[in-house]
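Novice: model the following, please.
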Amino acid sequence: MSHLHFCFHDIHSGRNQTSIRIAGPPKRLGTTLMCGEKLTEGHDLNSKDVGLTQGFYSLCTITTLMVLNVVFTDGKYNGSSIILVGRNPVFIYIREMPIVGGSGILRFVRRYVQAHTKRFSQNTGDAVVRVQRFFNNTCETYQKMASTLTYILLTFYLVFFPTFYITINGVFSEQFPASLATKRMEKMSHLHFYFHDILSGKNRTAIRIAGPPNSTMVTFGNTMMIDDLLTEGRDRNSKQVGRAQGLYSVASMSLQSDFSLLMVINFAFTEGKYNGSSISILGRNPVSNDVREMPIVGGSRLFRFARGYALAHTVWFDPNTGDAIVEYNVFVLHF
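Specialist: Residues are numbered from 1 along each chain as shown. Below you'll find the model as predicted:
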């Protein structure tokens, strides 16, 4: 088990800015920024460089959708990277997001990130974010420990790691002994809810943020940012169970044989046992099919290390506005 600690410098202002707006209206739902942020060992921008982030993040009301590659340039992990896809509720003191993959010696990685904002400027939007990442760090370790690394173990290390870790690269990275792993059973949960995608009217929950000029709703490249309601029943006024936050893009050049969307969405639950937990969806949605299947690539809190699939079925669609209600059956494996 490895633990990395570093600071992420998000600079919107001045000559050395590291993020720029590429789509969407400024400072509202749909604002999308491409970033190439510097990662340092300490809070000071001039402290030792350990890597950089490459990707984008988008505003979904008071949360952000994060789609980032974190590339390391120092020490043992030099040249390796991890991929982060998840929901970042920025007003929470400590946020958790899933790691869904990696490269180099971080191949097959599947763990989580904790982020805490150390400094933020309301005038410029510049921020320094402290990030901790927990994962197993090699293919060999992954194979040996896959059945034993659990939510309980990781929580244990978050509380007690100063007693047990072995320092391998200063304060940037630490490695935990595998012998402390604890076994827990993985379980399957089935979630059922309805997704309300509203593109029209005063209470719309989806807006176009990118795409060709003068495009229609189904034009290749058309991209929508969403903050859609999830409900227990088909009626929009039925009990709310969460929000779908993220984006989808038209990924089909031709509508004759196939019409598909690229889905990058987080289901954030607000009700019952899973209140405060989320799952991340990344995949192809062939919307012309009656039932579509998309993979779950990660999750947070009770859905840490989640994997599984989501089945989507459109129960209502208005071709004039694009508004839709989609029934979801989600099957997720988690500890």
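
Novice: give me the spatial nearest neighbour of Ile226, chain neighbours excluded.
Specialist: What sits nearest to Ile226 in space, not counting adjacent residues and going by C-beta to C-beta, 6 or more residues apart in numbering, is Ala206, at 4.4 Å. The way it works is simple: take the backbone N, C-alpha and C, and place the C-beta from them, glycine included.

Novice: so who does the one you found touch?
Specialist: Under the criterion of C-beta atoms under 8 Å, 6 or more residues apart in numbering, the contact partners of Ala206 comprise Asp197, Ile198, Leu199, Met224, Met225, Ile226, Asp227, Asp228.

Novice: next: Val315.
Specialist: Tyr194, Arg234, Ile325, Val326, Glu327.

Novice: tally of neighbours for Ser215?
Specialist: Per other C-beta atoms under 10 Å, the neighbour tally for Ser215 reads 14.

Novice: phi, psi of it?
Specialist: phi -80, psi 160 (degrees, to the nearest 10).

Novice: now the nearest residue to it once chain neighbours are set aside. Its backbone dihedrals?
Specialist: With sequence-adjacent residues excluded and distances taken as C-beta to C-beta, 6+ apart, Ser215 is closest to Asn222, at 5.2 Å. With angles defined as degrees, to the nearest 10, Asn222 sits at phi -60, psi 130.

Novice: how far away is Asn222 from Arg208?
Specialist: 6 Å (C-beta to C-beta, to the nearest Å).

Novice: do Gly30 as well
Specialist: Taking C-beta to C-beta, one finds Gly30 at 8 Å from Arg208.

Novice: low pLDDT regions in the stretch 151-300 of the chain?
Specialist: 151-184, 257 (pLDDT under 70).

Novice: and the pLDDT at Thr148?
Specialist: With respect to pLDDT, Thr148 scores 27.

Novice: follow-up on the earlier one: what is the neighbour count of the residue nearest to Ser215?
Specialist: 19.

Novice: would you write a ChimeraX line that selects the buried entries of the contacts of Val315?
Specialist: Paste this into ChimeraX to select the buried members of those, with burial taken from 16 or more other C-beta atoms under 10 Å:
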select :194,325,326,327
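
Novice: out of the contacts of Val315, which one sits closest to Phe108?
Specialist: Among the contacts of Val315, Val326 lies closest to Phe108 (C-beta to C-beta), at 31.5 Å.

Novice: list the beta-bridge partners for the closest residue to the closest one other than its chain neighbours.
Specialist: Spatial nearest neighbour of Val326, chain neighbours left out: Phe195 (4.3 Å); criterion: C-beta to C-beta, 6+ apart. Using DSSP bridges, the bridge partners assigned to Phe195 are Leu230, Val326.

Novice: hang on, Phe195 packs against Arg243?
Specialist: No - Phe195 is beyond contact range of Arg243, at 9.8 Å (criterion: C-beta atoms under 8 Å).

Novice: what residues does Gln17 make contact with?
Specialist: Ile11.

Novice: circling back: so which of Gly30 and Arg208 has more stuff around it?
Specialist: Applying other C-beta under 10 Å to Gly30 and Arg208 shows that Gly30 carries more neighbours, namely 22 against 15.

Novice: that one reaches Tyr57, doesn't it?
Specialist: No - look at Gly30 against Tyr57 with C-beta under 8 Å: they stay out of range, at 11.9 Å.

Novice: tell me which helix or strand the nearest residue to Arg95 once chain neighbours are set aside sits in.
Specialist: In this structure, Arg95 finds its nearest non-sequential neighbour in Ala115, 4.9 Å apart by C-beta to C-beta, 6+ apart. For Ala115, the host element (DSSP states H and E) is strand 112-120.
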